[in-house]
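*Asks:* please find the sequence and the predicted model below.
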Amino acid sequence: MSDYRNDVEELEAKSATAARLFDIRRIIGGLFVVYGIIVTIAGITASDADLKKAQDININLWTGLGMLALGLFFLIWLKLRPTAPPTTPTEQ
């Protein structure tokens, strides 16, 4: 019976780790940060012709900064409110 409990506890620990690793906030936040950096760089290096096409509004810069802000929001949210480990019903 002790081996069974050890196996169950080990499986629960692995499950909790996997749940935290694949939290959707981490995936969304990471993607938005990466794409935000790319789009922000494209906005910083925009030419005058690119700006003229967009009526002198640097769309890439503003969109990139917005994506960075959203990605950082998700990652900060993940840090402040981590996923709770799954609970198992108690044996009676």
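*Replies:* Nice, I can see it. Residues are numbered from 1 along each chain as shown.

*Asks:* rest of the way, CA atoms for contacts and neighbours
*Replies:* Fine.

*Asks:* just the element for residue 82, please.
*Replies:* Residue 82 belongs to no helix or strand when elements are defined using DSSP states H and E.

*Asks:* could you report the neighbour count for it?
*Replies:* Residue 82 sits with 12 neighbouring residues when counted by other Cα atoms under 10 Å.

*Asks:* residue 73 versus that one, what's the distance?
*Replies:* In this view, residue 82 and residue 73 are 14 Å apart by Cα to Cα, to the nearest Å.

*Asks:* which residues touch residue 31?
*Replies:* Residue 31 is in contact with residue 71, counting by Cα atoms under 8 Å, 6 or more residues apart in numbering.

*Asks:* from now on call the first residue 27
*Replies:* Right, with 27 as the first residue, what we last looked at is residue 57.

*Asks:* following element in sequence after whichever helix or strand it is part of, please.
*Replies:* Applying DSSP H and E as the criterion places residue 57 in helix 50-70. Elements were assigned by DSSP H and E; along the chain past helix 50-70, the next helix or strand is helix 74-79.

*Asks:* residues contacting the residue nearest to residue 99 when sequence neighbours are not counted?
*Replies:* Taking Cα to Cα, 6 or more residues apart in numbering as the measure, residue 99 lies nearest to residue 55, with 7.3 Å between them; neighbours along the chain are not counted. Neighbour list for residue 55: 96-101 [criterion: Cα under 8 Å, 6+ apart].

*Asks:* swap in 10 Å and give it another go.
*Replies:* Contacts for residue 55 were tallied using Cα atoms under 10 Å, 6 or more residues apart in numbering; they are 93-104.

*Asks:* how many neighbours does residue 54 have?
*Replies:* A total of 15 residues lie near residue 54 under the criterion other Cα under 10 Å.
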